[in-house]
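A.B. asks: Sequence first, predicted model second:
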Amino acid sequence: MSNEKLQPYETKMQKSLDALEREYTTIRAGRANPHILDKLKVDYYGTPTPLQQVGNVTVPEARVLMIQPWESKLIKDIEKAILASDIGITPTNDGKSIRLVFPELTEERRKELAKDVKKKGDAAKTAVRNIRRDGNDAFKKSNKAKEISEDEYAELQEKLQKITDKYVAMVDKAVEAKTKEIMTV
């Protein structure tokens, strides 16, 4: 019975972890990663459309992304979208495709990115702990309303703490892995 009361909180914690990992895919670590373009929208016949739906994104070399639009007239719009974004790379176009060349990251920039990764990780851990607090508050209300016994209340709190510890550790692992990726030259 107690597991079904814990399930919604564990699901929310998993969503926080997933959101952090999605966020990390958009941080560039000196290597070409097509996921940094995931949030990019291109004006396609007046409709903001995800870049992946208007062209082909490939990684021909370790530090180069190539975007080949399915319609050549979209090149200007794609270029405009990249320049307006926070990617920080100037696109070059040869009339048929757009190339994004990722510069080597400086030591200073790597440290900045590592700080950003840690900050995002801390925010995810805070989210996980807030979910734990919400769960404990709900269990306390159930206990006061005599819907659950003192023993069950204590057991639910203990199990929720274990789940919280598990997700905090997973967030720490994700932070460590992304920091290592960024700091690797």
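C.D. replies: In hand now; what should we look at?

A.B. asks: ok, Glu23 to Asp77 distance?
C.D. replies: Here the criterion is CB to CB, to the nearest Å. By it, Glu23 lies 26 Å from Asp77. Just so you know, the C-beta spots here come from the backbone N, C-alpha and C atoms, and that holds for glycine as well.

A.B. asks: Which SSE is immediately downstream of the top helix by length along the chain?
C.D. replies: In the chain, assigned by DSSP state H, the helix with the most residues is helix 107-144. Where DSSP states H and E defines the elements, the next helix or strand beyond helix 107-144 is helix 150-183.

A.B. asks: For that next one, the averaged confidence score.
C.D. replies: Averaged across helix 150-183, the pLDDT comes to 92.

A.B. asks: For it, which residues meet the burial criterion?
C.D. replies: 152-153, 156-157, 159-160, 163-164, 167-168, 170-171, 174-175, 178-179, 181-182 (16 or more other CB atoms under 10 Å).

A.B. asks: Taking the chain centroid, which residue in the protein is the extreme one?
C.D. replies: Each residue of the chain has a distance to the centre, and by CA atoms, centre = their mean the biggest one is for Lys146: 40.7 Å.

A.B. asks: For Lys140, see how far away that one is.
C.D. replies: Taking CB to CB, one finds Lys146 at 12 Å from Lys140.

A.B. asks: and for the two, which residues touch both?
C.D. replies: Common neighbours of Lys146 and Lys140, using CB atoms under 8 Å, 6 or more residues apart in numbering, do not exist here.

A.B. asks: need the contact list for the most centrally placed residue in the chain.
C.D. replies: Closest to where the C-alpha atoms of the chain average out (CA atoms, centre = their mean) is Glu23, at 1.7 Å. Glu23 makes contact with Lys120, according to CB under 8 Å, 6+ apart.

A.B. asks: That one in helix, strand or coil?
C.D. replies: At Glu23 the chain is in helix, as set by DSSP: H, G, I helix; E, B strand; the rest coil.
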